[in-house]
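1. coords please:
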Amino acid sequence: MNGIDPITLSGVWYYLQRVCDEMQFIIERTARSYLIGQQHDLSVGIWDAEGRTLAIGRALPLQTFSAPFAIRALAEQYAGDIHPGDVFLTNDPYHGGHNNHLPDWGFIRPIFRGDKLKFFCLVRGHQQDTGGMYPGGYFPNAYDIIAEGLCIPPLRIIERGRENRELMKLIYQNVRLPDGVRMDNASMIAATELCDRRLTELLAKRGEETVDRCIDEMIARTETSMRAAIAGIPAGTYTGEAAMDDDGTVHGEPVWVRATVTIDKDSIAVDLSASDRQRQGFVNCVLACAYSGALQGVFMCLDPSLADFLNEGAFRPITVTAPPGLVVSAEYPATVGGMAATLNCVIESVLSALSQAIPDRAVAPWGRHRGVYIFGDDPRTGERYVRTYMDGNGSAGAVSGHDGDSGLNLLLSLALISRSNVEENEVRFPWAIEQLEFATDSMGAGEYRGGAGYRLVMRNEGSRAGIASGQADGDVMVGPGAQGGAPSPLSRSYLLRGDEQIPVPSKRLVWAQTGDRFVVESGGGAGVGNARRRDPALVAADVRSGLVSVEAARAVYGVVIDLVSGTVDASATAHLRGAFRTPRPESRALAGGE
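-> This is a model prediction of the structure:
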């Protein structure tokens, strides 16, 4: 064990994770924006001087898994010119930033032991605004990434403890809501300062040599565990694919992501080369972003205990490749604001491939993302607002042996981005939430069904407001079921203006008038296994709870419910299931095939 006693090793390992937790706690308690402080759209982590991942907070994998690309690019760009007290800022997906899209701003602080660079810490958070044509960052039809907003390559904003005020003034002058963005940034920078103090204390207490040996042992143990888990998957090559509705510019043309996953002894290779070329619309993502999605898909199919302390060792057995110029490996200056749809498809395609390899751990896709950006003026305060709504997202997909959890939010965040508090939402923003509930027959059926979809109704009590559905997907294309389970049902959004119903397709920009109601009806998670094999008692329980209708219980699951008692009619159910050959869905809940 490299000469390290287990108590010391455990102490250092948990200490690094605790520092990440502290960093995240500071941000969530002091950030001004609702998206960062309440919905947790942020990430934190610690890397060594070589860019090896040491610890990542319990935050967004799409932001932390790709962080080594940014750390190593920064170290190379500023080689020999990095000093104690420096802080760097970047949001650029290209030019060394390796970011997902422009709203995610990352603050990187080097941490020294005397004059020796030992660590980097990184905090990323989704800003309320980053400039561009419209507030927020999720609008379609930008000419290029320059039109999407302010592009910040890795820049030193604090040098040896002294802020470059002229540079920050330029940055804040080019974003809307500069006061809120400034306060969020101060919160994030404070978290990096805390990390600096804590790691300095760790080195002083344990000694540099001991900490270095613990880190090497941590990484080695994690790699050993990850390779052992992969070795348990049958060797071979498996394929999966997923598509989004369109790219937001060329309407009605689905965009495909395809993954070829090869298991070779104790390693996994994910090849995304068969995916579509990069698009004119804004659904493109850079390779670092697709890398995050592929890793997330792999980790979801392995022993969940491995996720407790992910570090560099977990990443080493996994490679992700794609030639430049694809929708998953876009080249400058392609727009990337709506990359969430593509990232979701990367995850789904890897899940689909691995669910074939290890059916006893099959994971079905979650309900497609239905998030929107809404911006306008609040007549109560006279101030402009920008708000991200993710409350209408469908729930989790089923896994082999378990139903999908209803209420979990957003596959690409692994439910770490939470739904909003209705009361606080109404205090902060001029939209009244009239309805937010699980919808009946809104999940993919299966022996293990997906989590429920939602119905969300909001009334605009403010002035004319823009609704950018750039995050949304699932109007036309949905995630497939696994092992014969049903896919996630389709979703839809629309405005109600008096008696008029105005469709709001995914990846569009529409305008809501005062008094308009915005409605989201989302599909829930997909199912695993044949719906006709589902335990009738579980179907009856879903009927009593309102998640499944009596009609769907009969048509989809082959279960007859006594309308008086609400219990299963065992004799009629056995007869009906025996007579079924081909599923005949008659509701939003689709049946898994024979």
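2. Could you list the domains of the protein?
-> Segmentation of the chain into domains, based on automatic domain parsing, reads 6-223, 362-532, 533-579.
3. Helices along the stretch 151-300 of the chain, start to end?
-> 165-173, 178-206, 208-231, 287-300 (DSSP state H, counting those that start in this stretch).
4. okay, those in TSV with mean neighbour count next?
-> In this view, the C-beta of every residue, glycine as well, is placed from N, C-alpha and C. Formatted as TSV, the helices of the stretch 151-300 of the chain follow (neighbours: other Cβ atoms under 10 Å):
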stretch	mean neighbour count
helix 165-173	13
helix 178-206	18
helix 208-231	18
helix 287-300	26
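5. leaving aside the residues next to it on the chain, what's closest to Arg72?
-> Gly51 (3.9 Å; Cβ to Cβ, 6 or more residues apart in numbering).
6. Surely the one you found is in contact with Glu76?
-> No. Judged on Cβ atoms under 8 Å, Gly51 makes no contact with Glu76 at a distance of 9.4 Å.
7. between the two, which one's more packed in?
-> Neighbours around Gly51 and Glu76, counted as other Cβ atoms under 10 Å, are more numerous at Gly51. The numbers are 18 against 11.
8. So for Lys116, which of the helices of the stretch 151-300 of the chain sits nearest?
-> Of all the helices of the stretch 151-300 of the chain, it is helix 208-231 that lies closest to Lys116, at 8.1 Å by Cβ to Cβ.
9. which residues are contacting that closest one?
-> Helix 208-231 is contacted from outside by 1-4, 8-9, 12-13, 48, 52, 54, 113, 118, 202-203, 206, 263, 265-268, 302-303, 306, 309-314, 316-317, using Cβ atoms under 8 Å, 6 or more residues apart in numbering.
10. same thing but 7 Å
-> Contact with helix 208-231 is made by 1-4, 8-9, 12-13, 48, 52, 54, 113, 202-203, 263, 265-268, 302-303, 306, 309, 311-314, 316-317, as judged by Cβ atoms under 7 Å, 6 or more residues apart in numbering.
11. that older thread, next, format the helices of the stretch 151-300 of the chain as TSV and append mean pLDDT.
-> Output for the helices of the stretch 151-300 of the chain, formatted as TSV (pLDDT from 0 to 100):
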stretch	mean pLDDT
helix 165-173	97
helix 178-206	97
helix 208-231	97
helix 287-300	97
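12. Need those in a markdown table (columns: distance to Leu412).
-> Formatted as a markdown table, the helices of the stretch 151-300 of the chain follow (distance: least, Cβ to Cβ, whole Å):
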| stretch | distance to Leu412 |
| --- | --- |
| helix 165-173 | 27 |
| helix 178-206 | 21 |
| helix 208-231 | 21 |
| helix 287-300 | 7 |
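13. so which of those gets nearest Gln127?
-> helix 178-206 (5.4 Å).
14. Give the other helices and strands that that closest one contacts.
-> Judged by 3 or more Cβ pairs under 7 Å, 6 or more residues apart in numbering; DSSP states H and E, the packing partners of helix 178-206 are helix 6-30, strand 104-113, strand 116-126, helix 165-173.
15. what do you get if the cut-off is 6 Å, keeping everything else the same?
-> Packing partners of helix 178-206 (3 or more Cβ pairs under 6 Å, 6 or more residues apart in numbering; DSSP states H and E): helix 6-30, strand 104-113, strand 116-126.
16. Tell me the secondary structure at Thr573.
-> Following DSSP: H, G, I helix; E, B strand; the rest coil, the label given to Thr573 is helix.
17. Let me see the contact set for it.
-> Pro536, Val559, Val560 (Cβ atoms under 6 Å, 6 or more residues apart in numbering).
18. Can you give me every residue that contacts the nearest residue to the second one once chain neighbours are set aside?
-> Spatial nearest neighbour of Val559, chain neighbours left out: Val539 (4.2 Å); criterion: Cβ to Cβ, 6+ apart. Counting by Cβ under 6 Å, 6+ apart, Val539 touches Ala553, Tyr557, Val559.
19. If you rank these by neighbours, which is first?
-> In these, the most neighbours by other Cβ under 10 Å go to Tyr557, 34 neighbours.
20. sorry, back to before: filter the contacts of helix 208-231 down to the buried ones.
-> Listed as buried from those are 4, 9, 12-13, 48, 52, 54, 202-203, 263, 266, 268, 302, 306, 309, 311-314, 316-317; burial here means 16 or more other Cβ atoms under 10 Å.
21. all helices of the stretch 351-500 of the chain, in order?
-> Using DSSP H, counting those that start in this stretch, helices in the stretch 351-500 of the chain cover 422-428.
22. quick revisit: what's the pLDDT at the residue nearest to Arg72?
-> Per-residue confidence (pLDDT) for Gly51: 97.
23. Right, I'll call it a day here.
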